[in-house]
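Engineer: my questions are about this predicted structure, shown below with the sequence.
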Amino acid sequence: MTVIVVSGTGTEIGKTVVTAAVAAVATAAGRSVAVLKPAQTGVGPDERGDADEVVRLSGAATSSELGRFPEPLAPGTAARRAGLPPVGPREVAEAARKLAAAHDLVLVEGAGGLLVRLDEGGGTLADAASLLDAPVLVVAPAGLGTLNSTTLTAEALRTRRIEQLGVVVGSWPEAPDLAARCNLADLPVAAGAPLLGAVPEGSGTLAPAAFRAAASGWLAPALGGTWDAEAFSAAEAAPVSVG
């Protein structure tokens with residue numbers, strides 16, 4: 001795979017940190033990695049955007065941002081309110097292809113969910129993935145409510161005949177509740193795709209060297225890591241011994 005599209009089932013669920021983990025593992029394996037953020041919202045002109053943060057944590061070779069809009073809104077809405085041209089799916093696909101010509105792997109990190117509008121024509125990240133014929137890695141939260149949003153995302157991908165690589169839990173809690181533990185078994189069923197990792201909460205606050213050293217243990221072999229879904233699920237489901 002030369003291009004992977006990373007989409008969340010919603011916003012603020014760990015998508016950037018998962019993208020950084022995938023980039024770190026690929027970079028450690030000797031692959032040149034480019035990170036493409038089609039539309040960055042809610043960030044000022046002098047602030048570090050998501051693509052830059054991925055490079056900082058992972059050591060990836062290149063970051064690219066196609067549009068930046070100040071208000072924390074859906075890209076199409078944020079562009080309209082700022083009076084700036086939006087970034088549509090064709091621009092995303094063209095930029096990804098250019099990066100793929102010079103890099104071994106391009107990670108396209110979306111904004112929010114798969115069907116968030118990028119422009120006034122209703123273009124979405126799913127449309128960009130279709131144009132690229134690229135698989136989508138879905139990032140989901142751990143807890144209650146994630147099964148519905150994961151199922152809806154999977155249905156949208158199947159309807160559009162877009163390959164889903166699998167699901168990664170974007171922020172696995174230090175003390176998971178019953179719903180989170182049960183979701184380890186239920187998420188792959190809801191997605192119709194394998195569970196490919198679980199990134200511990202707070203991982204984005206690690207120093208880059210520590211982040212890169214740990215990333216392989218958060219991701220399954222399909223993403224270049226060593227994480228084992230069956231072993232992880234068994235360990236998290238085990239009762240806690242007292243005394």
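Structural biologist: That came through, no problem. Residues are numbered from 1 along each chain as shown.
Engineer: got any ranges where the protein has weak pLDDT?
Structural biologist: Low-confidence segments of the chain (pLDDT under 70): 1, 238-243.
Engineer: can you pull out the strands in it?
Structural biologist: Applying DSSP state E to the chain gives strands spanning 3-8, 33-37, 40-41, 62-65, 68-69, 105-113, 136-140, 164-172, 195-200.
Engineer: mean neighbour count for these - can I get that in a markdown table?
Structural biologist: C-betas here are computed from N, CA, C, even on glycine. Shown next, in a markdown table, are the strands of the chain (neighbours: other CB atoms under 10 Å):
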| stretch | mean neighbour count |
| --- | --- |
| strand 3-8 | 25 |
| strand 33-37 | 27 |
| strand 40-41 | 24 |
| strand 62-65 | 18 |
| strand 68-69 | 22 |
| strand 105-113 | 26 |
| strand 136-140 | 28 |
| strand 164-172 | 24 |
| strand 195-200 | 24 |
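Engineer: distance to residue 236 added to those, as a markdown table?
Structural biologist: Converted to a markdown table, these look like this (distance: least, CB to CB, whole Å):
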| stretch | distance to residue 236 |
| --- | --- |
| strand 3-8 | 22 |
| strand 33-37 | 30 |
| strand 40-41 | 34 |
| strand 62-65 | 33 |
| strand 68-69 | 38 |
| strand 105-113 | 26 |
| strand 136-140 | 16 |
| strand 164-172 | 8 |
| strand 195-200 | 9 |
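Engineer: list just the one of the ones you listed that sits closest to residue 16.
Structural biologist: strand 105-113 (6.5 Å; CB to CB).
Engineer: what does stretch 201-211 rub up against?
Structural biologist: Outside stretch 201-211, the residues that touch it by CB atoms under 8 Å, 6 or more residues apart in numbering are 14, 16-17, 20-21, 24, 53, 56-59, 171-174, 214, 218.
Engineer: one step back: among the strands of the chain, which comes closest to residue 148?
Structural biologist: Proximity to residue 148, assessed across the strands of the chain by CB to CB, is greatest for strand 136-140 (10.5 Å).
Engineer: okay, now the sheet partners of the closest one, with direction.
Structural biologist: Each strand paired with strand 136-140, and its direction, by DSSP bridges: strand 3-8 (parallel), strand 164-172 (parallel).
Engineer: is it possible to get those strands out as JSON lines so that each row also shows distance to residue 227?
Structural biologist: Supplementary listing: the strands paired with strand 136-140 in JSON lines, determined by distance: least, CB to CB, whole Å:
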{"stretch": "strand 3-8", "distance to residue 227": "17"}
{"stretch": "strand 164-172", "distance to residue 227": "9"}
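Engineer: helices of this protein, start to end?
Structural biologist: 15-28, 50-58, 75-82, 89-100, 125-132, 146-159, 178-191, 208-215, 229-237 (DSSP state H).
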